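J.: based on what follows, work out the 3D shape:
(2 chains)
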Amino acid sequence: MKTPNKKIKKELTIEQKINRRNFISFSAFTVFAVGVFEGWRWLYKSPTETAGITGEAHRPLRKALNKTEIFFRRLVFNENHLVKTYPKEMAAKRVRYNSDIGIEAKKKFDPATWKLHVIKKGGEILQVSIDELKALPKTEIVYDFKCVEGWDQIQHWAGVKFSDFVKHYQLDDYAKMEYVGMETPDKAYYVGIDMPSAMHPQTLLAYEVNDKPVPLDHGAPLRLIIPVKYGIKNLKRIGTITFSNTRPRDYWAEEGYDYYSGL
Amino acid sequence: MKTIKEKHSLAMRWCHWVNFPILTIMIWSGMLIYWANDIYSVTIFGHTFVKFFPDWFYHTLHIPQRLAEGMAFHFLFMWFFTLNGIFYILYTVISGEWRELLPKRNSFKEAWLVLLHDLHIRKTAPPQNKYNAAQRVAYTSIIIMGIGSVITGLAIYKPVQFYYLTWLCGGYHLARIFHFALTIGYVLFFVIHIVQVILAGWKNFSSVISGFEVVNEKPKPAIRTVNDDENAK
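T.: A predicted model of the protein is given here:
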């Protein structure tokens, strides 16, 4: 029979103390291990996001990518942070060629008949030829091009600063919007760029590489060189430019990559 | 008589066991990323000793063609890895446990003696407190490596925004190499760590879960005799 005086506990023996602490800690450890395993299984098997502007990523991971981007942007993003530049002699003579998505139809494409199309409000289209672009102030950059795959190469590009282009064609109101979209003429490759990155002083509409016109492989006659982003955002052969307040479609963001891919 | 000897604090055990799955995921997702540009090897005088990594390795672990997925996992778990590390360092500093962990002036020399002892070349090991000299060196190095991984990681993650970190690492290209080398370092640490844990036995392993070890102490006499001859028995 229990004594009514329950509150007075007998001090535990050493053996009891050992057993008790082992029981508690090993139980907690087991719960922890099962929790880790189940948590991992949940994340690993979590559904893929609905295909849209972004796609192919696990839903929680996409959320994390976007939140992380916002965190770093608020914490450190600064347009005054310039990409490191190098002397010209350090630039690679053979510029690495990695992908032809959007420029596959090389033979059918004639750079001479090409014009850049800027889609304005009300469907108005501003057409700009390569010679008109070349008449604008030329900016050169020698920097370390970084591919999302992990390789990097010092390259020498030249062209018109995107911000100069905007100023010259009086697109300032458009530049107040949040995003720029660029697409190849065949619409097979497309990128979305946040406005601060597009207006970054090192972002170029490039028409020269190593002092020569951009060859077909690298996006003749005009490609985007945006050093604050991974190579996947450096669209070759720009066909159209659009402005919007929502994220434009982006080829690799649809394939599971971070939408911003900023550096 | 059995007594309970407190060994590992709850915070230390927490950080250790939380870090284990996180680091595993970081290494795995890191390999998914590395695969996309797997150019590192150990090559001396034109002879390649190790290629990171051979095809059978990639295929066994289902690594190829998963760069985007690897990045997504890596950039989520980097948070937990970093926060757990910061928590551990703060705890170690504030609690004073760093005194048991930081190498002392003679630790580097003593660590060799410990090594010789562990390899059964030397009979006696130097006297120690909670951790021996080799452990002090190892457990401090691994924390410095962790800090190194965070810094080199940030240097290749945002080389424009964290340009000063990239500069500190000797540039983008070198930072990626360091980041990779540190990971190989973790794997080597892990192998030695596991061997040592197995050799040290269950009691030692169990204490990293329970926090204490049971020691058998000879009961002390209630009254100390002052007679030296008596003590000398």
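J.: stretch A:131-141 and chain B in contact?
T.: No: against chain B, stretch A:131-141 shows no contacts by Cβ under 8 Å from any Cβ of the partner chain, the least distance being 13.0 Å. C-betas here are computed from N, CA, C, even on glycine.
J.: same question for that stretch, mean pLDDT?
T.: The pLDDT scores in stretch A:131-141 average 96.
J.: please apply the same query to stretch A:193-211.
T.: Rounded mean pLDDT across stretch A:193-211 is 96.
J.: around chain A, pick out the residues from chain B.
T.: Near chain A, when you scan chain B using Cβ under 8 Å from any Cβ, you find B:1-4, B:17, B:21, B:25, B:33-34, B:36-37, B:39, B:67-69, B:71-73, B:75-76, B:79, B:158-163, B:166, B:171-173, B:176, B:206, B:209-212, B:214.
J.: pLDDT value on B:G170, please?
T.: For B:G170, the predicted pLDDT is 95.
J.: and the gap between the closest residue to it other than its chain neighbours and B:T166?
T.: Spatial nearest neighbour of B:G170, chain neighbours left out: B:F178 (7.9 Å); criterion: Cβ to Cβ, 6 or more residues apart in numbering or on different chains. Applying Cβ to Cβ, to the nearest Å, one obtains 11 Å for the distance of B:F178 from B:T166.
J.: more neighbours: which of those two?
T.: B:T166 (26 against 18; other Cβ atoms under 10 Å in any protein chain shown).
J.: for the strand or helix carrying A:R62, name the packing helices and strands.
T.: Element membership for A:R62, per DSSP states H and E: helix A:59-76. Helices and strands touching helix A:59-76, by 3 or more Cβ pairs under 8 Å, 6 or more residues apart in numbering or on different chains; DSSP states H and E, are helix B:67-95.
J.: right, and the helix or strand after the helix it packs on?
T.: helix B:98-101.
J.: where does chain B have low pLDDT?
T.: By pLDDT under 70, the low-scoring segments of chain B are B:219-233.
J.: nearest residue to the middle of it?
T.: Central residue of chain B (Cα atoms, centre = their mean): B:I142, 4.1 Å from the mean position.
J.: mind checking how far the biggest helix by length in chain A is from the chain centre?
T.: The residue-count maximum for a helix in chain A (DSSP state H) belongs to helix A:14-44. Taking Cα atoms, centre = their mean, to the nearest Å, one finds helix A:14-44 lying 41 Å from the centre of the chain it belongs to.
J.: got the buried residues for it?
T.: Buried residues in helix A:14-44, counted by 16 or more other Cβ atoms under 10 Å in any protein chain shown: A:17-18, A:25, A:36, A:43.
J.: over to stretch B:64-83?
T.: Of the residues in stretch B:64-83, those buried (16+ other Cβ under 10 Å) are B:66-78, B:80-82.
J.: check those residues and tell me the two furthest apart.
T.: Greatest spatial distance among those (Cβ to Cβ): B:R66 and B:T82, at 23.0 Å.
J.: wait, doesn't the residue nearest to B:G170 sit right on B:C169?
T.: Yes: at 6.0 Å, B:F178 counts as touching B:C169 under the criterion of Cβ atoms under 8 Å.
J.: re earlier: the residue nearest to the centre of chain B contacts B:V187, doesn't it?
T.: No: in this structure, B:I142 is not within contact of B:V187 by Cβ under 8 Å, at 12.0 Å.
J.: the chain: strands as residue ranges?
T.: Looking at chain A here, since you left the chain open. A:116-119, A:125-128, A:139-146, A:152-161, A:179-183, A:190-194, A:204-209, A:212-213, A:223-225, A:240-244 (DSSP state E).
J.: that's the other chain; I wanted chain B
T.: Taking DSSP E as the test, the strands found in chain B are B:2-6, B:41-44, B:47-51, B:212-216.
J.: any idea which of those strands is most buried?
T.: strand B:212-216 (a mean of 14; mean count of other Cβ atoms under 10 Å in any protein chain shown).
J.: residues making contact with it?
T.: Residues outside strand B:212-216 that contact it (Cβ atoms under 8 Å, 6 or more residues apart in numbering or on different chains) are A:18, A:21, B:1-7, B:203-204, B:206-207.
J.: repeat that for stretch B:53-68.
T.: Residues contacting stretch B:53-68 (Cβ under 8 Å, 6+ apart): A:56-57, A:148-149, A:252, A:255-257, B:28, B:31-33, B:35-36, B:38.
J.: out of those, which are buried?
T.: Buried among the contacts of stretch B:53-68 by 16+ other Cβ under 10 Å: A:56-57, A:148-149, A:252, A:256-257, B:31-33, B:35-36, B:38.
J.: burial count for residue 181?
T.: Unless you meant another one, I'm taking chain A. A:G181: 20 neighbours (other Cβ under 10 Å).
J.: please refer instead to chain B.
T.: What B:A181 shows, counting by other Cβ under 10 Å, is a neighbour count of 13.
J.: contacts only, for it.
T.: So B:A181 contacts nothing (Cβ under 8 Å, 6+ apart).
J.: got the domain ranges for chain B?
T.: B:1-96+B:201-233, B:107-130+B:137-196 (automatic domain parsing).
J.: can you list those in TSV and add distance to A:K167?
T.: Formatted as TSV, these follow (distance: least, Cβ to Cβ, whole Å):
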stretch	distance to A:K167
domain B:1-96+B:201-233	35
domain B:107-130+B:137-196	23
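J.: return the most buried member of these.
T.: It is domain B:107-130+B:137-196: most buried of those by mean count of other Cβ under 10 Å, with a mean of 16.
J.: pLDDT below threshold where in the stretch 1-150 of chain A?
T.: Along the stretch 1-150 of chain A, the model assigns pLDDT under 70 to residues A:1-9, A:105-107.
J.: how about the residues of it near chain B?
T.: Near chain B, when you scan the stretch 1-150 of chain A using Cβ under 8 Å from any Cβ, you find A:14-15, A:17-18, A:21-22, A:25-26, A:29, A:32, A:36, A:40, A:56-58, A:60-62, A:64-65, A:68, A:72, A:76-78, A:81-84, A:144, A:146-150.
J.: which stretches of chain B form helices?
T.: B:10-34, B:55-60, B:67-95, B:98-101, B:107-118, B:133-157, B:163-168, B:172-200, B:202-210, B:228-232.
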